[in-house]
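Undergrad: from the sequence below, what's the structure:
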Amino acid sequence: ARSLFEKIYQTDKKNIEVLSSLTMLNMDMSNLIDAYAYAREMQQVMPGDINVGLMTSVILMRLGKLRDAREMLLKLRESYPDRVEVLHNLHSVETQAKQHQQAAQYAMAAIELNPTDPNAYNNLGASMSALGLKNQAKAAFEVVVALQPGHGTANANLALILAGENKMDEAIVLLERVLKAAEAKRDEGNIQAVRHNLGFQYLKAGRLEEGWRF
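TA: Residues are numbered from 1 along each chain as shown. Okay, the predicted model is just below:
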């Protein structure tokens, strides 16, 4: 697919659909330098476009260029103050930079913009957990599950908190739910991670046969 798009690119270097496809394909293939180059070309064709900016900021984060990603997102926020996606990406930048207090502030700003956005509450829960505020993290993850019962990350995080409180049965039920959803989506990476966690919880609960099987 990349080879075909590259051939089209040689005849039409300003075609935004081709540039977007080449950017995403190279991201999927972890060719981040090439992905960034195509993203920069998209910025020249569509300066100030929010979707191009968001995609470019993700590439910069994956390259470890957090300062550049932050600067780009702050400019986008000035231009698009009502777009919650910008705040989500800013949360990711600060989380990667281990600035969890600042990350939490962006999560709360996203909640103010959209009080029913499960991803904003999930981000807040992650930041609260990183700050050692387990009760606040648990409350945030519970809101996520209430808004979106099948949210895999929130359920998994909530299960770990419950396990830490020795509420093993509740933790296991949540992880079993996450595993079932991951298997339905054939999400192999997530399946293995959940099975690993679930196996430990089975062992802690004394369900040895199930624990060793996982």
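Undergrad: quick check: nearest residue in space to Ala120, chain neighbours excluded?
TA: Closest residue to Ala120 apart from its sequence neighbours, by Cβ to Cβ, 6 or more residues apart in numbering: Ala110 at 3.8 Å. Glycine gets a C-beta too; all of them are placed from N, C-alpha and C.
Undergrad: OK, contacts around the one you found?
TA: Counting by Cβ atoms under 8 Å, 6 or more residues apart in numbering, Ala110 touches 84, 87-88, 91, 117, 119-120, 123.
Undergrad: adding distance to Ala163, write these out as JSON lines.
TA: Rendered in JSON lines, the data for the contacts of Ala110 read as follows (distance: Cβ to Cβ, whole Å):
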{"residue": "Val84", "distance to Ala163": "31"}
{"residue": "Leu87", "distance to Ala163": "30"}
{"residue": "His88", "distance to Ala163": "27"}
{"residue": "His91", "distance to Ala163": "25"}
{"residue": "Asp117", "distance to Ala163": "27"}
{"residue": "Asn119", "distance to Ala163": "23"}
{"residue": "Ala120", "distance to Ala163": "25"}
{"residue": "Asn123", "distance to Ala163": "22"}
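Undergrad: can you add distance to Ala139 and secondary structure and give those residues back as a markdown table?
TA: What follows is those, written out as a markdown table (distance: Cβ to Cβ, whole Å; DSSP: H, G, I helix; E, B strand; the rest coil):
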| residue | distance to Ala139 | secondary structure |
| --- | --- | --- |
| Val84 | 20 | helix |
| Leu87 | 20 | helix |
| His88 | 20 | helix |
| His91 | 18 | helix |
| Asp117 | 16 | coil |
| Asn119 | 16 | helix |
| Ala120 | 14 | helix |
| Asn123 | 14 | helix |
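Undergrad: circling back: and the residue nearest to Ala120, how far from Gly132?
TA: Distance of Ala110 to Gly132, given as Cβ to Cβ, to the nearest Å: 22 Å.
Undergrad: wait, which of the contacts of Ala110 is closest to Met42?
TA: His88 (20.2 Å; Cβ to Cβ).
Undergrad: these two touch, right, that closest one and Asn123?
TA: Yes. His88 lies in contact with Asn123 (Cβ atoms under 8 Å); the separation is 6.6 Å.
Undergrad: list residues touching both of those two?
TA: Contact criterion Cβ under 8 Å, 6+ apart; residues shared by His88 and Asn123: 106, 110.
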